[in-house]
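Student: My questions are about this predicted structure, shown below with the sequence.
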Amino acid sequence: MATFFGFCVLGFVLYLFHKKVGEEQDNSGDGYIIAAIRILISFLIEAIKSLVSSGIEKGRENEEKIQQKYETSSRKSDEEIIRELKRKKQEDSFTIADKGLIQVAKERGIIKDKEIN
């Protein structure tokens, strides 16, 4: 049943694409294949723009998480930072945000660059 539904959706999408190509062909006077290629290229460009913008947004979110972790870690004592680092190392649960914690630990001399691994 799911396969049948999938084929129905695919057929509907192809029908809409064919209709869009026909409209583009009427407007530009180009051939069907050229109009189809033009539409596919415009879809591809929009998809790339969307991926790039979501990647940039994800990068900003990660930077905010790192900054928040840095600020919260700055308020902790050395012993609390050491406990958290040991726990995360044992659990192997380091995240991107933990870069802020590691940065604080480096600044305080708790860890050195070689000890991170």
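Tutor: Cool, got the structure.
Student: Can you check what pLDDT the model gives residue 45?
Tutor: We have a pLDDT of 95 for residue 45.
Student: now swap in residue 61 and tell me
Tutor: So residue 61 comes in at 91 (pLDDT).
Student: now do residue 71
Tutor: pLDDT, residue 71: 90.
Student: Give me the neighbour count for it.
Tutor: By the criterion of other CB atoms under 10 Å, residue 71 has 11 neighbours. Bear in mind the C-beta positions are built from the backbone N, C-alpha and C, glycine included.
Student: Grab the nearest non-local neighbour of it.
Tutor: residue 100 (7.5 Å; CB to CB, 6 or more residues apart in numbering).
Student: Surely that neighbour is in contact with residue 75?
Tutor: No. Assessed by CB atoms under 8 Å, residue 100 is found out of contact with residue 75, at 11.8 Å.
Student: correct me, but residue 105 touches residue 83?
Tutor: No. Contact criterion CB under 8 Å: residue 105 and residue 83 do not qualify, at 11.5 Å.
Student: who's more crowded, the two?
Tutor: Using other CB under 10 Å as the criterion, residue 105 and residue 83 rank with residue 105 on top: 22 against 12.
Student: Dihedrals phi and psi, that one?
Tutor: In terms of degrees, to the nearest 10, the main-chain angles of residue 105 are phi -60, psi -40.
Student: Could you find the closest non-adjacent residue to it?
Tutor: residue 111 (4.7 Å).
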